[in-house]
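Trainee: Pasting the sequence and the predicted model now:
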Amino acid sequence: MDITIFSGFWDARYVDDFFVFSKWYIENIRYHYRPEIAIIIVIILGIFVACAHSEYERETILNYCLLISFIALYLGIEAVDFCCVHYYDAYDYNRPIWWTKNILEISSQNYPFFIDALSSIFLLLTLFIFPFCFMALKSLSLNHSLRGFSIALLTMELLLVITFTTDDLLYFYVFFESLLIPMFILIGVWGARARKIKASYYFFLYTLFGSLIMLFGLIYLYACVGSTKYASISCFSFDADQQKLIWICFFLAFAVKMPMFPLHIWLPEAHVEAPTIGSMLLASLLLKLGGYGFIRFSISLFPAGSAYFSPLVLTMAVLGVVYGSLSTIRQVDMKRVVAYSSVAHMNLVVLGLFSNTTFGISGAVYLMVAHGVVSTALFFCVGVLYDRYHTRLLRYYGGLVTVMPLFCSIFFIFTLANMSFPGTSNFIGEFFVFLGIFSTNTVVFVLSATSIVFSAIYSVWLYNRIAFGTLKTKYIQRFTDLTLDEFSVLFWLLIPMLFLGLNGKIVFVFTDFALRDLLIF
């Protein structure tokens, strides 16, 4: 190609124009646009693109959705950097470019959305998980429309981004509830077995019941304050009885979403009947809405209510840890094993959140991020086996290490992470959670620490039943190892899991500023 074709671009006047444009962009766009709005617009455009294509253009739809999810991830990273520079006044370059303003100053602006340290964590987790969901679509088979499935996924990503970045409790409630619709459709339409309709109604009715209670609390809160803006509520002085009443309304909604014992019944059923990608999203993101709500609203806005009800919460959570661990051990379905282990881990998160210590809360946030990565990989591993052999019952598996060595090697690493082996991401989160619990209540610490033993039991037991023993050739005759698409998903999930296990500072910097901004300590 003749390079002289492009010689005009190197003309001096074009260079001057470029620098003029760059200066205008920095002064008028970079410091005035809303990055979270840009993410929302990109995802909405992705939904329209998916709708515009025919069902028969499967490869094109997948590539477009994957591109949109990567663009959203890039914008999310830019948004975090942007809020460090813009929202938190980092114009003095002699000091670190990080958060220095309080969340109330941001929230008091006339915008329905904002990004602070806490929302940055969950926003990045959301935008990080969805590209893997679309990558997984390339390797896993679907029973129905791929276009409809892609639209449902993009809709969920849009609603999650809005939920994690809004500073208005009414907006939070609306989009918190709206997430029920696409997940209900995913389970009911693309579920694997005949019980999928029952499971979708379990999920819908349980979470809807908790959210209706939250609506009553929101109405009462508005009657007291006259606004649903975070800044206005934070500045309002509630008496102890008002805090207790509003707190219990919010608690029921978030406890169902976590889920806490005994409000967890919907989760194993929904996990088992959901498609693989639905289970990945349930475990990695939807369960985190409860933890996010506890930190953002229950603990920071109503501290008197949190202190009053903390013995009840700790009791429920420690029962959930023990019950979830024991229930995991007795399961014979691979998906149920991972689902009940998620119940135990999420109740451990609640223990950290209500330990009333910086160690406990920081560890709980870290564990939520780590669990989001590890559970996504584990459910995908189960989906790989189910997609090949159409069964999740452990009795049909054994000796896969001889015929699927690559799969078993990666599955082993994520199994170690699920049992919080040192050097993996879950270990750091659980360590700080136990540190916070120990300084608060030694009895709760001793009871919850039994999960260390139980998690080793069910994790090793699951891996041993799948990987070792003799091949059950009576039931399964043909074996194939991971394809390139499947390996890509697991490999790129493996990297952040190991990185978070060896270098936890990056998350703890976010959590430290989040706790400072939210005035918890």
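Mentor: Yep, it's here.
Trainee: Tell me which residue is most central in the protein.
Mentor: Nearest to the geometric centre of the chain sits residue 285, at 2.5 Å (Cα atoms, centre = their mean).
Trainee: so that residue touches residue 126, yeah?
Mentor: Yes: at 5.7 Å, residue 285 counts as touching residue 126 under the criterion of Cβ atoms under 8 Å. In short, each C-beta sits where N, CA and C put it, glycine included.
Trainee: Which residues are in contact with each of these two?
Mentor: The contact sets of residue 285 and residue 126 overlap at residue 160 (Cβ atoms under 8 Å, 6 or more residues apart in numbering).
Trainee: rewinding a little: got the confidence number for the residue nearest to the centre of the chain?
Mentor: pLDDT for residue 285: 88.
Trainee: what does the one 4 residues further on give?
Mentor: Reported pLDDT at residue 289 in the predicted model: 89.
Trainee: Give me the neighbour count for it.
Mentor: Using other Cβ atoms under 10 Å, the number of residues around residue 289 comes to 22.
Trainee: One more: residue 332?
Mentor: Neighbour tally, residue 332, other Cβ under 10 Å: 11.
Trainee: and the gap between it and residue 341?
Mentor: The gap separating residue 332 from residue 341 is 14 Å, by Cβ to Cβ, to the nearest Å.
Trainee: How about residue 511?
Mentor: Going from residue 511 to residue 341 by Cβ to Cβ gives 24 Å.
Trainee: and if you look at residue 493?
Mentor: According to Cβ to Cβ, residue 493 stands 17 Å off from residue 341.
Trainee: higher neighbour count, the two?
Mentor: Taking other Cβ under 10 Å, residue 493 and residue 341 do not tie; residue 341 has more neighbours (29 against 24).
Trainee: isn't the more buried one right up against residue 326?
Mentor: No: Residue 341 lies out of contact with residue 326 (Cβ under 8 Å); the separation is 11.3 Å.
Trainee: from the chain's centre, how far out does stretch 306-314 sit?
Mentor: Computed by Cα atoms, centre = their mean, to the nearest Å, the chain-centroid distance of stretch 306-314 equals 25 Å.
Trainee: which outside residues touch that stretch?
Mentor: 240, 243-244, 247-248, 251, 260, 298-299, 350-351, 354, 356, 441, 444.
Trainee: Number of residues surrounding the closest residue to residue 428 other than its chain neighbours?
Mentor: Nearest non-adjacent residue to residue 428, counting by Cβ to Cβ, 6 or more residues apart in numbering: residue 504, 4.4 Å away. Counted with other Cβ under 10 Å, residues neighbouring residue 504 total 22.
Trainee: Let me see the contact set for residue 504.
Mentor: The contact partners of residue 504, by Cβ under 8 Å, 6+ apart, come to 366, 425, 428.
Trainee: Take those residues and keep only those in strands.
Mentor: Among these, no member falls in strands (DSSP state E).
Trainee: Separate out the buried members of the residues you listed.
Mentor: 366, 425, 428 (16 or more other Cβ atoms under 10 Å).
Trainee: CSV for those residues, including pLDDT and distance to residue 63?
Mentor: Formatted as CSV, the buried ones among the contacts of residue 504 follow (pLDDT from 0 to 100; distance: Cβ to Cβ, whole Å):
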residue, pLDDT, distance to residue 63
366, 91, 34
425, 87, 30
428, 88, 36
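Trainee: Go through those residues and say which is closest to residue 470.
Mentor: Distances from residue 470 to the buried ones among the contacts of residue 504, taken as Cβ to Cβ, are shortest for residue 425 (33.6 Å).
Trainee: Is it correct that the closest one is in contact with residue 368?
Mentor: No: Residue 425 is beyond contact range of residue 368, at 10.8 Å (criterion: Cβ under 8 Å).
Trainee: what ranges do the helices span in the stretch 1-150 of the chain?
Mentor: With helices called from DSSP state H, counting those that start in this stretch, the stretch 1-150 of the chain shows them at 12-25, 35-52, 58-85, 103-107, 117-137, 146-165.
Trainee: other SSEs contacting the helix ranked longest in the chain?
Mentor: Taking DSSP state H as the criterion, the chain has its longest helix at helix 358-389. Here helix 358-389 touches helix 117-137, helix 276-281, helix 288-293, helix 334-353, helix 405-418, helix 425-438, helix 484-502, helix 505-517, going by 3 or more Cβ pairs under 8 Å, 6 or more residues apart in numbering; DSSP states H and E.
Trainee: redo that, cut-off 6 Å
Mentor: On a contact count with 3 or more Cβ pairs under 6 Å, 6 or more residues apart in numbering; DSSP states H and E, helix 358-389 meets helix 117-137, helix 276-281, helix 334-353, helix 405-418, helix 425-438, helix 484-502, helix 505-517.
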